[in-house]
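Colleague: what shape does this take:
(chains A and B)
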Amino acid sequence: MRRRGPKRNLGLVFYAVLYLAFLYLPVLFLPLFSFNDSAFIAFPLVGFTTKWYGQMLADSAMHTALWNSLKVGAAVALASTALGLLAAKALTRYRLPGGAAVLGFTSLPLFIPDIVLGISLLILLNTMGMQLSLISVMLGHILICAPFAITVLMSRFDGFDKSLEEASLDLGENAWTTFWRVTFPLVLPGIISSLLLTFIVSFDEFLIAYFLAGTEATLPIYIWGQLRFPYKLPVVLALGAVILVVSCVLVVLAEWVRGLGQGGKRMVGA
Amino acid sequence: MDDAYIRIENITKRFGAVKAVDRADFGIRRGEFFSLLGPSGCGKTTLLRMIAGFEYPSEGEIYIDGAAVTDLPPNKRPSNMVFQSYAIFPHLNVADNIGYGLRRSGLSKAERNARIEEALAMIRLPDMGNRRADQLSGGQRQRVALARALVNRPKVLLLDEPLGALDKRLREAMQIELRQIQKNVGITFVFVTHDQEEALSMSDRIAVMSNGQVLQIADPRTLYDRPNCREVADFIGTMNFFEGKVIGTGGDITEIDAGIAGRLSAKNVAVELTAPGNDVLVAVRPEKIVLKTAGAAGLVGKISTSAYLGERSHLQILVPGLKDPVSVAAQTTREHAGADVSLSWPAEAAIVLPRH
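Modeller: Sure, this is the predicted structure:
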């Protein structure tokens, strides 16, 4: 009776392959069918075409929605990263009474179902008499993006010695110039990483935007609307494929920049 | 004190209910190498950070060169600091680190560069200006931190355990170098350390701190030979203590009944301790004790351990009836463990301290 490692692990390997297939095959169907010369999403593939991409590019409603999403994403990324920067500095640099509670409460939107958050924000904005627009979408998105920004930036702040800022003060700089000469360059990788991540979270977000957008559609809302027309499905797939590639690039970029930060950590701590 | 350049006036610092510094009140002279010495948590670093402006005292005032700085932020004070972690800016090279504080000095670019070059020469790292901060060794980082502070020509240089992170050999070399630099620049140094040897070898004067209080301020020799209380005597070097009661004083000699340790004599005892019947401690340094073979007059005991340290041996002597063994630093090593010996010391070697 011989028990050997590789034999026992075979089941695990099979499981892992199955898991990854389930995770990524559907995603791969997106680009696959977006190049298929048929309005029906089914095998066998009929032939190669780029006409769905052509239709996508020609659709002016799509342009508007894309532009809306880019505007919202950029504004949300800047605002939530700025807020996250202040919160992360406060939480890591000062002994705040109830600091842990503050961190917990700002992270709470991550755990509240988006649909609940969307409805409650809708009620709030209606009560306040605020017109639904891209502005209201931005506000909703800042709420869910700020916790990401805080987390990313806090790990960056934790990575460098507080006495670096003290040294700058000691050498004659005030709090403001110390921020620009020392703090900002050292947390920059975290800031870039936070900008990219919060942009993606906002760009991909559907539920809250759906409740708060009013008449101005963001890209996910536009896509949702297109699904009512079966003949437009391949165009949606083409659009999905593009979003997929861009998102992947941004996430990898964000993680890579953050990795640069980790390298710097060793240097600072030495 | 009239000649105080830095005046610490009745400074108390509370963190919640804890008094980190308790009514510190003393002066530091111009051009002095002054150390704050004490175990960790004694308040020495808090006191230093109050001089620097990173902490504000709960009570009291701090003056530097006649001007009150108590409520000024660090960037408005005429002091610079060398941090325990060195705090070298990792995103700047060596020259930019050293020149960091010069940007607001009003000097021209050429003047600033000249100062940086001069500072690099002072720390014996010429041609290292373009080196990245993460390419420096521990000793080099320490010197860059020193140069970065001194290049601003502060009135006071504050050093927070700057040698603690270095290995023993480098630390000893840096002690000498630091002392030399201080002599050359003539700037008042306030140096925080928990290492009593370091403080003794470098300082003009030392303030010994414990539990937030300054126990004694004196030059190293006085601190070693004439500590004013048990804590200082215990913290600086090794000390033997014998509890006793004053019998009486004749001339400059005070007689003390030390129970099992016998009748001890001490010279030049502080007058407030000499009242007959007063409870006192007699303290004797190990190297002041004379070791004789059993039978001679003195305290009789048995050698329990003997450690040979080259130039001298450290012996522990058990005296029947005494709780702690007596430490003796002997020049000769003929005596070995188990031998019976007799201990004695001259009256001027006995330090009499209050017992509380």
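Colleague: quick check: residues of the stretch 51-200 of chain A near chain B?
Modeller: A:160-161, A:163-164, A:166-174, A:181-182, A:185-186 (CB under 8 Å from any CB of the partner chain). C-beta: built from backbone N, CA, C; applies to glycine.
Colleague: buried subset of those?
Modeller: In those, burial by neighbour count holds for A:160-161, A:163-164, A:166-173, A:181-182, A:186, counting by 16 or more other CB atoms under 10 Å in any protein chain shown.
Colleague: in chain A, which helix has the most residues?
Modeller: In chain A, assigned by DSSP state H, the helix with the most residues is helix A:233-269.
Colleague: can you name every helix or strand that it contacts?
Modeller: Helices and strands touching helix A:233-269, by 3 or more CB pairs under 8 Å, 6 or more residues apart in numbering or on different chains; DSSP states H and E, are helix A:5-34, helix A:51-58, helix A:184-204, helix A:219-226.
Colleague: can I get the ones you listed in CSV including mean pLDDT?
Modeller: Formatted as CSV, the helices and strands packed on helix A:233-269 follow (pLDDT from 0 to 100):
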stretch, mean pLDDT
helix A:5-34, 83
helix A:51-58, 84
helix A:184-204, 91
helix A:219-226, 89
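Colleague: so which of those helices gets nearest A:Val152?
Modeller: Closest approach to A:Val152 among these (CB to CB): helix A:184-204, 4.5 Å.
Colleague: show me how far the longest helix of chain A is from its chain's centre.
Modeller: Relative to its chain's centre, helix A:233-269 lies at 9 Å (CA atoms, centre = their mean, to the nearest Å).
Colleague: that helix vs helix A:5-34, what angle?
Modeller: 130 degrees (axes from the mean of the first three to the mean of the last three CA atoms, to 10 degrees).
Colleague: just the angle for helix A:233-269 relative to helix A:51-58, thanks.
Modeller: 80 degrees.
Colleague: what angle do helix A:184-204 and helix A:233-269 make with each other?
Modeller: Going by the same axes, to 10 degrees, helix A:233-269 makes 160 degrees with helix A:184-204.
Colleague: one step back: out of the helices and strands packed on helix A:233-269, which one sits most buried?
Modeller: Mean neighbour count, computed with mean count of other CB atoms under 10 Å in any protein chain shown, is highest for helix A:184-204 among the helices and strands packed on helix A:233-269, reaching a mean of 22.
Colleague: just the CA trace of it, in PDB.
Modeller: The C-alpha coordinates for helix A:184-204 follow below in PDB (Å, rounded to 0.1, in the frame of the first residue of the first chain):
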ATOM      1  CA  PHE A 184       2.800  63.600  -0.100                       C
ATOM      2  CA  PRO A 185       5.800  62.100  -1.900                       C
ATOM      3  CA  LEU A 186       5.800  59.200   0.500                       C
ATOM      4  CA  VAL A 187       2.100  58.300   0.200                       C
ATOM      5  CA  LEU A 188       2.000  59.000  -3.500                       C
ATOM      6  CA  PRO A 189       1.900  55.400  -4.600                       C
ATOM      7  CA  GLY A 190      -1.000  54.900  -2.200                       C
ATOM      8  CA  ILE A 191      -2.800  57.900  -3.700                       C
ATOM      9  CA  ILE A 192      -2.400  56.600  -7.200                       C
ATOM     10  CA  SER A 193      -3.500  53.200  -6.200                       C
ATOM     11  CA  SER A 194      -6.500  54.600  -4.400                       C
ATOM     12  CA  LEU A 195      -7.500  56.800  -7.400                       C
ATOM     13  CA  LEU A 196      -7.400  53.800  -9.800                       C
ATOM     14  CA  LEU A 197      -9.400  51.500  -7.400                       C
ATOM     15  CA  THR A 198     -12.100  54.000  -6.500                       C
ATOM     16  CA  PHE A 199     -12.400  55.000 -10.200                       C
ATOM     17  CA  ILE A 200     -13.100  51.400 -11.100                       C
ATOM     18  CA  VAL A 201     -15.500  50.800  -8.200                       C
ATOM     19  CA  SER A 202     -17.500  53.800  -9.400                       C
ATOM     20  CA  PHE A 203     -17.300  53.000 -13.000                       C
ATOM     21  CA  ASP A 204     -18.600  49.500 -12.600                       C
END
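Colleague: any idea which helix or strand comes after it?
Modeller: helix A:207-212 (DSSP states H and E).
Colleague: so what touches that following helix?
Modeller: Around helix A:207-212, the neighbours that count as contacts under CB atoms under 8 Å, 6 or more residues apart in numbering or on different chains are A:72, A:114-115, A:117-119, A:121-122, A:125, A:132, A:136-137, A:139-141, A:144, A:218, A:220-221, A:224.
Colleague: next one: stretch B:99-119
Modeller: Contacts to stretch B:99-119, defined as CB under 8 Å, 6+ apart, come from residues A:167-168, A:171-173, A:181, B:80, B:89, B:92, B:95, B:98, B:126, B:129, B:147-152.
Colleague: and of the helices and strands packed on helix A:233-269, who's closest to B:Ile187?
Modeller: Closest approach to B:Ile187 among these (CB to CB): helix A:184-204, 29.7 Å.
Colleague: smallest gap between chain A and chain B, at which residue?
Modeller: A:Leu171 (3.3 Å; CB to the nearest CB).
Colleague: my guess is that residue contacts B:Leu150, does it?
Modeller: No - applying CB atoms under 8 Å, one finds A:Leu171 not in contact with B:Leu150, separated by 11.5 Å.
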